[in-house]
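Chemist: The sequence isn't on hand, but the structure is:
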């Protein structure tokens, strides 16, 4: 690139900007002696290919300025399967399936966005059991409440169960709504009955 260079020629560096060749040395791997337009900076030598070190992959100096467009850091993307990636999905009747072919322009996109596609079989199986547990608990609460879901009422006694303590226990609430409406139960006695009957399902939900 610089075989025909001579003293006085201007060059441009990716690191130091514009400079000028002040000398051409002989019998050396670094014949180009360049002084850049930076105060109190010494001269630097380069190969005829414009490399600061002959083992560099790309040159450091060029005949003209190179315009760089630094790309923005790519935004992190929530996982979704790529084509030919083995993943597992739950179909409309709760059956676990696996496949490698994915098309994000059709029903596969809906499966992903509805949370029905998983990286591993273990993740998928856990999600299936979790959904079943949530349904069983919700159905049992509806039955214990004589076929209804109770709305939270301020200034009244509201009974539910605590999934955030070390043990699943009955919880009395008043004035402040802390749980989904379907989770409130008529009496503390019925809450205790639910916990005794559905403890394993409640534990699975708590560990979600």
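Modeler: Great, that's in hand. Owing to the predicted nature of the structure, the values given are computational and were not obtained by experimental measurement.

Chemist: what's in contact with stretch 79-98?
Modeler: 99-104, 108, 111-112, 116-121, 123-125, 127-128, 131-132 (Cβ atoms under 8 Å, 6 or more residues apart in numbering). For the C-beta atoms, the positions are set from N, CA and C on the backbone; glycine is no exception.

Chemist: Please pull up the helix or strand immediately following the strand or helix carrying residue 110.
Modeler: Per DSSP states H and E: residue 110 is located in helix 107-113. Per DSSP H and E, the first helix or strand lying C-terminal to helix 107-113 is strand 117-118.

Chemist: Let me see the mean pLDDT of the very next helix or strand once past that next one.
Modeler: Going down the chain from strand 117-118, the next helix or strand is helix 121-144, by DSSP H and E. Helix 121-144 carries an average pLDDT of 94.

Chemist: Separate out the buried members of the contacts of stretch 79-98.
Modeler: 102, 108, 111-112, 116-118, 124, 127-128 (16 or more other Cβ atoms under 10 Å).

Chemist: a markdown table for those residues, including distance to residue 54?
Modeler: Shown next, in a markdown table, are these (distance: Cβ to Cβ, whole Å):
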| residue | distance to residue 54 |
| --- | --- |
| 102 | 47 |
| 108 | 52 |
| 111 | 55 |
| 112 | 50 |
| 116 | 56 |
| 117 | 51 |
| 118 | 51 |
| 124 | 55 |
| 127 | 57 |
| 128 | 61 |
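
Chemist: measure the residue at the greatest distance from the centre of the chain to residue 33 for me?
Modeler: Relative to the centre of the chain, the most outlying C-alpha is that of residue 26, 55.5 Å out, by Cα atoms, centre = their mean. According to Cβ to Cβ, to the nearest Å, residue 26 stands 12 Å off from residue 33.

Chemist: Having no further points to raise, I will conclude here.
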